[in-house]
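> What follows is a protein structure lacking sequence information:
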Ligand code: ADP
Ligand code: MG
């Protein structure tokens, strides 16, 4: 055994024998800390362990006897879990001088977890192989490893979770034991700092241990509010505790009993107090207090304490039995902790460092599984053959001649990529990424032209009718002249298309007369069949689900695929998520674009913004006003588009026509409103964030975003891209929700740059990927842990995945079988597949 550890365990044992009188060491336990720390460090004990010991013992002398017992016992348990040598020694805290004990706890979970309920004990957990090894009746035999846990077993297999609790948990999407284990805390409250009452400060978050001196239940405000008031003392002082509207606590607290309280120190009439602290009786394992406490997402019918107790039991019973899918060489090379420890620590961390290590491990797993899947998918693609679609240089030259403008060099590079892909014997699988207005549509048109020149058909899918119509007009203006495609061979198929026209399109596509069909989801739902489907193009790819992309592809025999996005995805991210796609970036805007003048305004300048808009309307222009939400909610003080539109129409812009667009409208209603705005029937379009990406209204020159600090930079940039599409100078005004928002660095960045990539990088650093891609991008949002900002972690995962993949691409080796399961589970759950 480590000598420093051995020494420490001797002190702890002695101290326990003496009844925690702090005399095991002359002058008190804290006296040894300095020299012990040094010794421990020299003997190679982990810094986290040393830290755990010193933080717990520093205040030891000030604690009451019962508090001392808790502290030492907690420390002992912690050390035992980390050092098996210790685990074999009998605990100095065995049945002996027990402190006063709380009443015994019933052993079942409550049927309905609607309010605070007593602890449960989980007695039985299903396993993959239920055969139980015959037990040696020997007392001190080391514990036999239990069989691995079945992750997909339903929650009700845990004794104590009945159908009713399971139903409540299902509201959080928790249906299996695995779901529960990976139901990660939303955040943590750090109550690990134990303090004595005489050393408390106003405003700090602490844990204290003390004895209940007095309890009162009072009714105030003419009977509408119940207060439980208690006085707790710990020998150094006493503290007044108040709970509001939790009358039941009065019955659970008992005078003379020790309790642990965690919360924020407040002030009342000049005295320090604690309001609504978390609390627990002292003698049990501390779940809610005296530690870094996990805070889980909640839903109606679930309390924070209840779920914490469920999690504690499940994690306690299951985590250690989760088989680790990561091959040991990978784990060692990437310097990661094992999965059982990571799961334990991410739920109930011993300290901040352990939590960090756990998060790193889980984040690595997500990236690693994502990468392995991407590599596998890419390899699959590479096996598929396709008919090469090639054109002569002279054809290409004629196409470019016919355009009303010269391609930017970024467009030229992307076109070369596209042309080479189409001419290859494998199907193209390319992501075309370019800022709003960078000119992606013309590149799609070139692809369609090349396909048609080879007799192949194309389909161009956009997320809304408005965009589909816009593309249809563009292609109709371009393709006949540049690529010699007949206008009647270019068709539009959207929801509103008449049945006879749809029938004509079906016939034309099947015969092969129609060379290109532009459409919306309607295209997928329609039973259209192609004669020779050569190229599938998807605009604004993030608006489509994985299955929709797959369905379009399935309308042909591995057609070439071009997906386009205006979301500027930083390279690190693109390589990871779209690793199976080839990437072309159009990072240059066509010349002559006027920069959009961008200003951050104070909320008090709102009326100035309105009169600016009025001036623009008088000059014949149009404006957008964007609000973050559909309806105002009590929680979020966001101005609601619905109310605002009414107010603006009545009080501000009463002489003009205002349109309204929000997420509660169906697609047809939205399309109708946008079409009216495009056609100039509305002067102002008031909208939530649903306003169409890619919608072209050249006459709109003002974009006002109210509550701008609620949006990510990438999204603000997308909104801004709705103006400045015509020849007129355009403006973007950003109003934060409150004056403090003016200091907002992010909004300042909007004033300073119009580079979407730069803003995206900033966004990623500041907000993470969930916000970055918006909630619609479900695939990304579901990654729970992955630190997208941590490029080093992403690269580490990529490197390890590539190495493993080159050794064993099918993951067939025996030591990779668990990993293969994990990869397919990860991708099956829709987290990974982004192609
Ligand atoms: P996005 O990449 O946002 O889809 P579009 O393809 O809609 O951009 O192009 C935006 C506008 O720029 C269109 O009106 C298009 O005709 C024009 N455009 C595209 N490329 C060029 C270019 N090289 N020079 C001038 N204008 C261009
Ligand atoms: Mg576009």
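Perfect, I can see it now. The shown structure was predicted, so the numbers you read here are calculated from the model rather than taken from an experiment. Numbers count the residues shown, from 1 in each chain. Ligands and ions are numbered 1, 2, ... in the order given.
> first to last residue in stretch 342-353, what's the distance?
This stretch, stretch 342-353, spans 12 Å end to end (Cα to Cα, to the nearest Å).
> next one: stretch 588-605
34 Å.
> for ligand 1, what are the nearby residues on this structure?
Contact residues (Cβ under 6 Å from any ligand atom) of the chain with ligand 1: 405-408, 411, 434, 436-442, 566, 590, 694. To be clear about C-beta, it is placed using only N, CA and C from the backbone, and glycine gets the same treatment.
> how much space is there between the residue of the stretch 201-350 of the chain at minimum distance from ligand 1 and residue 280?
As assessed by Cβ to the nearest ligand atom, ligand 1 sits closest to residue 297 within the stretch 201-350 of the chain, at 36.7 Å. Residue 297 sits 22 Å away from residue 280, taking Cβ to Cβ, to the nearest Å as the criterion.
> Looking at the two now, which is surrounded by more residues?
Set side by side, residue 297 and residue 280 show more neighbours around residue 280, with 19 against 13, by other Cβ atoms under 10 Å.
> Which neighbours in the sheet does the strand or helix carrying that one have, and how are they oriented?
Element membership for residue 280 (DSSP states H and E) is strand 278-281. When pairs are called by DSSP bridges, strand 278-281 turns out to pair with strand 258-268 (antiparallel).
> Past the strand it pairs with, which element shows up next along the chain?
In N-to-C order, the element after strand 258-268 by DSSP H and E is strand 271-275.
> Who are the packing partners of that following strand?
strand 238-244, strand 258-268 (3 or more Cβ pairs under 8 Å, 6 or more residues apart in numbering; DSSP states H and E).
> of these, which approaches residue 498 most closely?
strand 238-244 (63.8 Å; Cβ to Cβ).
> my read is residue 433 is in a strand, agree?
Yes - according to DSSP: H, G, I helix; E, B strand; the rest coil, residue 433 belongs to a strand.
> thought it was touching residue 582?
No - using Cβ atoms under 8 Å, residue 433 is not in contact with residue 582; the gap is 11.0 Å.
> and these two? which has more neighbours close in?
Remark: of residue 433 and residue 582, residue 433 carries more neighbours, 27 against 17, as counted by other Cβ under 10 Å.
> That one: what's it in contact with?
For residue 433, the contact set (Cβ atoms under 8 Å, 6 or more residues apart in numbering) comprises 564, 565, 567, 568, 569, 574, 583, 584, 585, 586.
> try it again with 6 Å
Taking Cβ atoms under 6 Å, 6 or more residues apart in numbering, we find residue 433 in contact with 565, 585.
> Determine which two of the residues of the chain next to ligand 1 are furthest apart.
Most distant of the residues of the chain next to ligand 1, by Cβ to Cβ, are 406 and 694, 22.9 Å apart.
> picking that back up, looking at the residues of the chain next to ligand 1, which are in helices?
Those of these mapping onto helices are 411, 441, 442, per DSSP state H.
> Please identify which residue in the chain comes closest to ligand 1.
Counting by Cβ to the nearest ligand atom, the chain gets nearest to ligand 1 through residue 439 (2.8 Å).
> can you pull the pLDDT of that residue?
Looking at residue 439, its pLDDT is 93.
> What about it, how many residues nearby?
18.
> Now it. Its backbone dihedrals?
Dihedral pair for residue 439: phi 90, psi 50, per degrees, to the nearest 10.
> Contacts only, for it.
411, 590.
> 7 Å instead?
408, 411, 586, 590 (Cβ atoms under 7 Å, 6 or more residues apart in numbering).
> Among those residues, which one lies nearest to residue 321?
With Cβ to Cβ as the yardstick, the closest approach to residue 321 among the contacts of residue 439 comes from residue 586, at 50.9 Å.
> Could you verify my assumption that that closest one touches residue 434?
Yes - applying Cβ atoms under 7 Å, one finds residue 586 in contact with residue 434, separated by 3.1 Å.
> Span of stretch 674-691 from start to end?
End-to-end distance (Cα to Cα), stretch 674-691: 8 Å.
> List the buried residues of it.
Neighbour-count burial for stretch 674-691 flags 674, 677-678, 682-691 (criterion: 16 or more other Cβ atoms under 10 Å).
> Neighbour count for residue 406 and residue 694, which is higher?
In this view residue 406 and residue 694 are compared by other Cβ under 10 Å, and residue 694 has more residues nearby, 23 against 11.
> Does residue 206 lie in a helix or a strand, and which?
strand 205-220.
> With residue 702 instead?
Applying DSSP H and E, one finds residue 702 within strand 700-706.
> swap in residue 361?
helix 352-382.
> just checking, what packs against that helix?
In terms of contacts (3 or more Cβ pairs under 7 Å, 6 or more residues apart in numbering; DSSP states H and E), helix 352-382 is packed against helix 339-347, helix 571-577, helix 791-807, helix 817-828.
> in the third one, what counts as buried?
Within helix 791-807, the residues that qualify as buried by neighbour count (16+ other Cβ under 10 Å) are 793, 794, 796, 797, 798, 800, 801, 804, 805.
> The last one too?
Buried residues in helix 817-828, defined by neighbour count with 16+ other Cβ under 10 Å: 818, 819, 820, 822, 823, 824, 826, 827.
> That helix vs helix 791-807, what angle?
120 degrees (axes from the mean of the first three to the mean of the last three Cα atoms, to 10 degrees).
> Which neighbouring elements make contact with helix 817-828?
helix 352-382.
> Name the residues of the helix it packs on that are buried.
354-355, 357-378, 381.
> For burial, what's the neighbour tally of residue 269?
6.
> do residue 588 as well
16.
> can I assume it is in contact with residue 407?
No - counting by Cβ under 7 Å, residue 588 stays clear of residue 407, with 10.0 Å between them.
> any weak-confidence spans in the stretch 401-550 of the chain?
Residues of the stretch 401-550 of the chain meeting the criterion pLDDT under 70: 541-547.
> for residue 762, what are its contacts?
Here residue 762 is in contact with 713, 749 (criterion: Cβ under 7 Å, 6+ apart).
> Can you list phi and psi of it for me?
phi -60, psi -40.
> if I read this right, residue 472 contacts residue 519, doesn't it?
No - contact criterion Cβ under 7 Å: residue 472 and residue 519 do not qualify, at 8.8 Å.
> Looking at these two, which is more packed in?
Remark: of residue 472 and residue 519, residue 519 carries more neighbours, 26 against 22, as counted by other Cβ under 10 Å.
> Buried residues in whatever helix or strand residue 85 lives in, which are they?
Applying DSSP H and E as the criterion places residue 85 in helix 84-88. Using 16+ other Cβ under 10 Å as the test for burial, helix 84-88 gives residue 86.
> Show me what whichever helix or strand comes after it is packed up against.
Note on helix 84-88: by DSSP H and E, the next helix or strand toward the C-terminus is helix 163-170. On a contact count with 3+ Cβ pairs under 7 Å, 6+ apart, helix 163-170 meets no helix or strand.
> continuing past helix 163-170, what's the next helix or strand?
Downstream of helix 163-170, the first helix or strand assigned by DSSP H and E is helix 177-181.
> quick one: residue 76 and residue 93 touch, right?
Yes - using Cβ under 7 Å, residue 76 is in contact with residue 93, at 6.2 Å.
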